[in-house]
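>>> Just the structure for this:
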Amino acid sequence: MSSVSDIINWIFGGQVDASKIISILVGVWAVVKSITEWRAKKKLIKASAEQSALVEENKNLKTSIAKLGDIVLTAYLSSNTVPVEVKREISKFGEELNKAAQIPLAETTVKLIQVVSEVVPMESLNEHKEEIVEAAKVAEEVIDGAAELAQSAIDKISI
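Now for the predicted structure:
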């Protein structure tokens, strides 16, 4: 116990009273508070810098995804080998990409999506094969008739 009394005498100068205790506690509190505030500021600055980096990275990712979406959507939606039903499904995915993540697709891609989703494709030529053959025969007859008339007119002029 003598060591505790020696420490108290050394800290308080032999006299322990409330004002000395309060002044020492206030001093200790100020040091602790300044250290904790400094650490908090340091963490806040670091978090702010990380957030700025994440925001920039997010922006770059959105731009990259938009360009990739433009490439893929344009390639599939403008292809003649892709069936219309598949194009419509792909256009739905493009619309979802544009809406869900607010990915800014190019204007041409958006127009292509609109065309694919709104335009009704023409029926297959195979479905109209007989009509096309009939129309070709009629056209051939008209052309043959016109050729005969032209030849007879040429013959009359020659005589």
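
>>> How many neighbouring residues does L112 have?
L112: 21 surrounding residues under other Cβ atoms under 10 Å. (C-beta placed from N, C-alpha, C; glycine too.)

>>> thought it was touching A75?
No: assessed by Cβ atoms under 8 Å, L112 is found out of contact with A75, at 10.4 Å.

>>> Mind telling me what element the residue positioned nearest the centre of the chain is part of?
Centroid check for the chain by Cα atoms, centre = their mean gives I103 as the closest residue, at 2.5 Å. Applying DSSP states H and E as the criterion places I103 outside every helix and strand.

>>> who touches it in this structure?
Shown in contact with I103 (Cβ atoms under 8 Å, 6 or more residues apart in numbering): 62, 65-66, 69, 97.

>>> Roughly how far does S78 sit from Q114?
Between S78 and Q114 the distance is 13 Å, computed by Cβ to Cβ, to the nearest Å.

>>> follow-up on the earlier one: retrieve the pLDDT associated with the residue nearest to the centre of the chain.
We have a pLDDT of 77 for I103.

>>> Count the residues that sit near the closest residue to it other than its chain neighbours.
By the measure of Cβ to Cβ, 6 or more residues apart in numbering, the closest residue to I103 outside its immediate chain neighbours is A66, 4.8 Å from it. When neighbours are defined as other Cβ under 10 Å, A66 has 19 of them.

>>> Please apply the same query to K99.
9.

>>> per-residue confidence for it?
For K99, the model assigns a pLDDT of 81.

>>> for K137, same thing?
On pLDDT, K137 comes in at 88.

>>> list the helices and strands the one helix or strand it maps to packs on?
Counting by DSSP H and E, the element that carries K137 is helix 129-158. Using 3 or more Cβ pairs under 8 Å, 6 or more residues apart in numbering; DSSP states H and E as the contact criterion, helix 129-158 has no neighbours among helices and strands.

>>> Before I go, just wanted to say thanks for your time.
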